[in-house]
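Peer 1: only geometry, no sequence info:
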């Protein structure tokens, strides 16, 4: 990729990342940390290509490890973020759950 | 040719989904949608990459995907909510390791790359490896596998020397025509040690900030490797997360009123028990008396902390809250930004138990109200209500804003035992004249209090 095109992308991506976080309430700090952790799990895709183009045994072994780790980042990151965000139900939903549990 | 077109178009869609997803996650109303969109993006990116032209080793690929994905799914789904912070650290470390592994392959190929690619590959390798080993140490500490905080004499000097060595090794490796395996291994080994050594002295209370920093690091590493691999999805996702993570780290540090530099280079260790000698005695109270104090108060503010999380007492607390409200007591919850193990920890637990949003207040909203409060009920919280932070210059938590629980007419503290809290500091609040201690695990104690409150009905 051409260096200056990449620089523009870096720059814009950095500003985007900054802006996305700028007005976050404290209550969402941890879920967002988990969510952004999940997003960088896309490294999995790079690892897949690295393994896919591997020729020597060294490259295959390291590539295998890379895909394994990348998959763990992506899947694990998704599961824990989803669990944390499941707590953010609307009031009507939590009221529904309460009346249901009182009946049961 | 068309595969490339499909892949590139898809990556574009993936980038949009990731950005919109992250933005949605910054508001409580849309947060759940956000992770959904990002999830779709990840699936799309993975599926479309199978079409990348000229690949082989598909069997290995699928095996690694299944193994890594399967183990991560199982661990992520089965851990307790209180273990979430260290799981985030663990998965983040793996991301860093993946970026570093990609760098290892690319660097091993040597002169196939131009100067910029090589430099970024090496940079990504260092950052990724430091994040990998550092995150693993963070996981081990929060999980309790490593208990003591290690601080070497001249720690900062050691860190600096190690960083310099890593830099030299990296330059040596990158400038060689075809870097030998030995050079590459040395480089990675040094970086790994650096990551571990820098993280070992960090105390548990500061750890979430460090995890957030490593999250940003991994994002950066992914972005750099994305450039090397010519993969726009990696570049964008990586840099967005790198920038977002950096700001998030600063916000977290500010909430604790600790500068990031201090956290890394002047950490609070367990030995820092400084502080003027705390005078007075701790006065105990029985659950029955505590129950009547609560039941006949006009206004109660509950301050939850890690002890409530560990005791999984949030449902009992909700029950007690409802009983008190029915009896005509005004009850509010006060959440300190660093109560628990991570920002938002207490909010998540209370939300899980069904506590209504409008009864939960943060420190700015509620701190003035403690003066007019009859009872402040502190459940498993410690440092966040320690008055030493206001007055004692020698205390490690000096300057941290605290909840004014000590200004209530009466303070009841539910605590597992007589030990010192997370930072290992004595809490002056416990020795105050208007404080009563109620020992026991949060769930047990609150259950007893509930029993007594019910007996007073009518």
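Peer 2: Cool, got the structure. As the structure is a prediction and not an experimental result, all values here were calculated from the model.

Peer 1: number of nearby residues for the residue of the stretch 101-250 of chain B found nearest chain A?
Peer 2: Distance from chain A to each residue of the stretch 101-250 of chain B (Cβ to the nearest Cβ) is smallest for residue B:243, at 3.1 Å. The C-beta positions use only the backbone N, C-alpha and C, and glycine is treated the same way. Residue neighbour count, defined by other Cβ atoms under 10 Å in any protein chain shown, stands at 26 for residue B:243.

Peer 1: ok, it - contacts?
Peer 2: A:13, A:14, A:15, A:16, A:17, A:18, B:216, B:219 (Cβ atoms under 8 Å, 6 or more residues apart in numbering or on different chains).

Peer 1: one more time with 7 Å, if that's ok
Peer 2: Applying Cβ atoms under 7 Å, 6 or more residues apart in numbering or on different chains to residue B:243 gives the contacts A:13, A:14, A:17, A:18.

Peer 1: among those residues, which ones are buried?
Peer 2: Using 16 or more other Cβ atoms under 10 Å in any protein chain shown as the burial test, the contacts of residue B:243 include A:13, A:14, A:17 as buried.

Peer 1: could you pick out which of the residues you listed are near chain B?
Peer 2: When contact is defined as Cβ under 7 Å from any Cβ of the partner chain, those meet chain B at A:13, A:14, A:17.

Peer 1: stretch A:24-32 near chain B at all?
Peer 2: Yes - applying Cβ under 7 Å from any Cβ, one finds stretch A:24-32 touching chain B at A:24, A:25, A:26, A:27, A:28, A:29, A:30, A:31, A:32.

Peer 1: roughly how far apart are the residue in the stretch 351-458 of chain B positioned nearest to chain A and residue B:73?
Peer 2: At 4.4 Å from chain A, residue B:351 is the closest residue in the stretch 351-458 of chain B, using Cβ to the nearest Cβ. For residue B:351, the distance to residue B:73 equals 24 Å [Cβ to Cβ, to the nearest Å].

Peer 1: of the two, who's got more company?
Peer 2: residue B:351 (21 against 16).

Peer 1: which one among the ones next to chain B among the buried ones among the contacts of residue B:243 gets closest to residue B:310?
Peer 2: residue A:17 (33.9 Å; Cβ to Cβ).

Peer 1: got TSV for the contacts of residue B:243, with pLDDT too?
Peer 2: As requested, the contacts of residue B:243 are exported to TSV (pLDDT from 0 to 100):
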residue	pLDDT
A:13	94
A:14	94
A:17	93
A:18	93
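
Peer 1: restricted to helices, list those residues.
Peer 2: A:13, A:14, A:17, A:18 (DSSP state H).

Peer 1: buried set for the helix or strand containing residue A:4?
Peer 2: Using DSSP states H and E, residue A:4 maps to helix A:3-21. Neighbour-count burial for helix A:3-21 flags A:6, A:9, A:10, A:13, A:14, A:16, A:17, A:19, A:20, A:21 (criterion: 16+ other Cβ under 10 Å).

Peer 1: so what secondary structure elements neighbour that helix?
Peer 2: helix B:2-24, helix B:232-255 (3 or more Cβ pairs under 7 Å, 6 or more residues apart in numbering or on different chains; DSSP states H and E).

Peer 1: ok, now with 8 Å
Peer 2: helix B:2-24, helix B:207-229, helix B:232-255 (3 or more Cβ pairs under 8 Å, 6 or more residues apart in numbering or on different chains; DSSP states H and E).
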